[in-house]
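Q: I'll drop the sequence and a predicted model, then ask my questions.
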Amino acid sequence: MKKILSIPCSFRAYTIPFLHNTALFLYHLNMEIIRLENKDNSENNRVLRQKSKPVKNISGEIRKTAQEMLDTMHRDKGVGLAGPQVGLLKRIFVTHAEGDQPRVFIDPSIIWTSQDQVRYEEGCLSIPGVWAHVTRPEKIKIQAWDEKGRAFTLEASGLLARVILHEYDHLEGILFIDRLDTAGRAKVLSKLEKQKKAG
Ligand SMILES: [Zn+2]
């Protein structure tokens, strides 16, 4: 699934915030994505490995954060981004899977997963340049609130289901490399080590 990092963001996704609030949009560009480091106990790793807390109160502030996260995800050509990846240990993530619309999930619960599982290649904005096949349920049902505080239930399959499960994992402090077998994980870690040496 190399596409997960290479899907071009839509023109609309860039122009709407730009037209509506230039200052806000420029600020959005400053949201930094936290990257996994190949060393124990680094601050970045500590944040990525922590379980996020519920948002509970969906205020204007969280709405702004959701928009910033969508802009950051589009800027870095991702299809999903979760709170911990931008240093926010709150249960919020955004998605924009291919063929789907941008979505915001606040305080989500995965309420059903299919027995059928599929293997697909995944990447992560917090672990750039690393790809691996991960097995996950093919279909899911999720309950969450959107940025306006409206509750919704969504049934998803294919790429959207995968992105949702990947982002949901981030809220639990789980990274996709944790779902690999020992050999797969060792391969990923050696790649991270090489990247570190290359500077
Ligand atoms: Zn990720």
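A: Thanks, I have the structure now.
Q: Point to the helix or strand of this structure where mean pLDDT is at its lowest.
A: Counting by mean pLDDT, DSSP states H and E, the chain has its least confident helix or strand at helix 11-20, which shows a mean of 36.
Q: Let me know the pLDDT of the most centrally placed residue in the chain.
A: Nearest to the centroid of the C-alpha atoms of the chain, with distances taken as Cα atoms, centre = their mean, sits Leu81, at 2.7 Å. Leu81 carries a pLDDT value of 98.
Q: quick check, distance from the helix or strand hosting it to the centre of its chain.
A: Mapping Leu81 onto the secondary structure by DSSP states H and E places it in strand 80-82. Here strand 80-82 is found 2 Å from its chain centre; the criterion is Cα atoms, centre = their mean, to the nearest Å.
Q: which helices and strands sit right next to it?
A: Helices and strands in packing contact with strand 80-82 are listed as helix 60-75, strand 92-95, helix 158-171; criterion 3 or more Cβ pairs under 8 Å, 6 or more residues apart in numbering; DSSP states H and E. (Each C-beta comes from the backbone N, C-alpha and C, glycine too.)
Q: Pick the most buried one from the ones you listed.
A: Stretch with highest mean neighbour count among these: strand 92-95 (a mean of 28; mean count of other Cβ atoms under 10 Å).
Q: C-terminal to that strand, what's the next element?
A: Of the helices and strands lying after strand 92-95 in sequence (DSSP H and E), the nearest is strand 103-113.
Q: what's the angle between that next one and helix 60-75?
A: Angular relation of strand 103-113 and helix 60-75 on a 0 to 180 degree scale: 90 degrees, by axes from the mean of the first three to the mean of the last three Cα atoms, to 10 degrees.
Q: how close does the residue nearest to the centre of the chain sit to Lys194?
A: Taking Cβ to Cβ, to the nearest Å as the measure, Leu81 falls 26 Å from Lys194.
Q: repeat for Asp146
A: Going from Asp146 to Lys194 by Cβ to Cβ gives 41 Å.
Q: More neighbours: which of those two?
A: Legend: neighbour count by other Cβ atoms under 10 Å for Asp146 and Lys194, higher for Asp146 (15 against 11).
Q: Contact partners for that one?
A: Neighbour list for Asp146: 103-106, 152 [criterion: Cβ atoms under 8 Å, 6 or more residues apart in numbering].
Q: what about the residue lying closest to the residue nearest to the centre of the chain once chain neighbours are set aside, distance to Gly99?
A: Counting by Cβ to Cβ, 6 or more residues apart in numbering, the nearest residue to Leu81 once its immediate chain neighbours are dropped is Met73, at 4.0 Å. Noted for Met73: a distance of 16 Å to Gly99, by Cβ to Cβ.
Q: As CSV, the helices and strands packed on strand 80-82 with distance to Ser126 and mean pLDDT would be great.
A: Rendered in CSV, the data for those read as follows (distance: least, Cβ to Cβ, whole Å; pLDDT from 0 to 100):
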stretch, distance to Ser126, mean pLDDT
helix 60-75, 12, 95
strand 92-95, 12, 98
helix 158-171, 8, 98
